[in-house]
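Student: Here's a sequence, model it:
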Amino acid sequence: MYHFIVNLNSRTGKARKIWEELRQELDRREVMYALHETKYAGHAIEISRRLVKSADDTVKIIVLGGDGTFNEVINGARDYEKIEIGYIPTGSGNDLARGLGLSTSPMENLNRILESKEFTCMDLGCLSWDEGESKKYFAVSAGVGVDADVCRRALTSTLKKVLNKIGLGKLTYAILTIQSLFAMPQLNAHIVADGVDYGILDKVTFIALMNHKCEGGGVPMSPVADATDGKLSMCCIHGIGKWRCLTLFPSLLGGKHMKYDAYLGVDFKKADIVLKTPNVWHTDGEMSTYNTVMHVECLPGAIKLMK
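Tutor: Here you go, the predicted model:
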């Protein structure tokens, strides 16, 4: 039995047509499945949590949606030993699909999942605060600074909806990034990763905590990130003003930013980040918390993905 958790509103509603085509194929192949349609933000968390809690055996969950829907599923189904996950990306950013090297064809992805006999064990990241009482898991990335502020703006952006409808959704992140860069104050951050103290960094533009290479619709924040190596990759831009930072964006988009002194790159298993003032943190492009003290940890090979 496959449990399809489906966000029919992803890809500006085009996911509804995609699901109908996949449903017909499932029926043609006489596959046993159940449809769980998400109705509101956070619904996939509730659905996946319920599925895992009520199951005695392994639960096969297929996510049809974007990175945000996948994020909700891994935050609901936290008993990862009990689940096998397949992914059919229909979002606008699709950084997880890019990192996994998935096809852009929903039908090809469905066939791949149904014929799967092997798994990829993928790392997850975990943000925790309030002395570990509060946690958020992520598959692609987490962070604070400009990238988190862009996520906050994108949630209510009419620009994103308009550009998505005409196939230019990726432009949203470029435009909102420039807005955020000049609107929000730069940060001060004290970073300790795997016992190494990197001191207090000033004029921090962002700290990106990467499991996969790209976020924001294909921006290679950490070209060296590997979601199967048991580590996360930190990308921090600091010590330069906003105008100088703006001139570095073309290098960032091309994955050439690592050569600059303003770049701090660290591969780590555990890290602690303390900000001077509270700020918005994101996980997989979704706002998670507004906080100052954050613990970050990699969970090696946490989930089984159907190949």
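Student: Now for residue 105, how many residues are close by?
Tutor: 12 (other CB atoms under 10 Å). From N, CA and C alone the C-beta is placed, and that goes for glycine too.
Student: Same question for residue 124.
Tutor: 22.
Student: how about the strand or helix carrying it as PDB, C-alpha atoms only?
Tutor: Assessed by DSSP states H and E, residue 124 sits inside strand 119-129. Output in PDB follows, covering the C-alpha atoms of strand 119-129 (Å, rounded to 0.1, in the frame of the first residue of the first chain):
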ATOM      1  CA  PHE A 119      16.900   2.800  -1.300                       C
ATOM      2  CA  THR A 120      19.100   5.900  -0.800                       C
ATOM      3  CA  CYS A 121      19.800   6.600   2.800                       C
ATOM      4  CA  MET A 122      19.800  10.400   3.000                       C
ATOM      5  CA  ASP A 123      21.000  12.600   5.800                       C
ATOM      6  CA  LEU A 124      18.700  15.100   7.400                       C
ATOM      7  CA  GLY A 125      19.500  18.300   9.300                       C
ATOM      8  CA  CYS A 126      17.900  19.300  12.600                       C
ATOM      9  CA  LEU A 127      17.600  22.800  14.100                       C
ATOM     10  CA  SER A 128      16.900  22.800  17.900                       C
ATOM     11  CA  TRP A 129      16.300  25.700  20.300                       C
END
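Student: elements contacting it?
Tutor: Using 3 or more CB pairs under 8 Å, 6 or more residues apart in numbering; DSSP states H and E as the contact test, the elements touching strand 119-129 are strand 134-138, strand 141-145, strand 270-283, strand 286-306.
Student: buried set for it?
Tutor: Neighbour counts over strand 119-129 (16 or more other CB atoms under 10 Å) mark 122, 123, 124, 125, 126, 127, 128, 129 as buried.
Student: how far out from the middle of the chain is it?
Tutor: 11 Å (CA atoms, centre = their mean, to the nearest Å).
Student: just stretch 141-153 next, same as before
Tutor: 11 Å.
Student: What's the mean pLDDT across it?
Tutor: Stretch 141-153 carries an average pLDDT of 91.
Student: Stretch 255-269 now?
Tutor: Mean predicted confidence for stretch 255-269 is 94.
Student: in it, what counts as buried?
Tutor: Those would be 257, 262, 263, 264, 265, 266, 267, 268, for stretch 255-269 by 16+ other CB under 10 Å.
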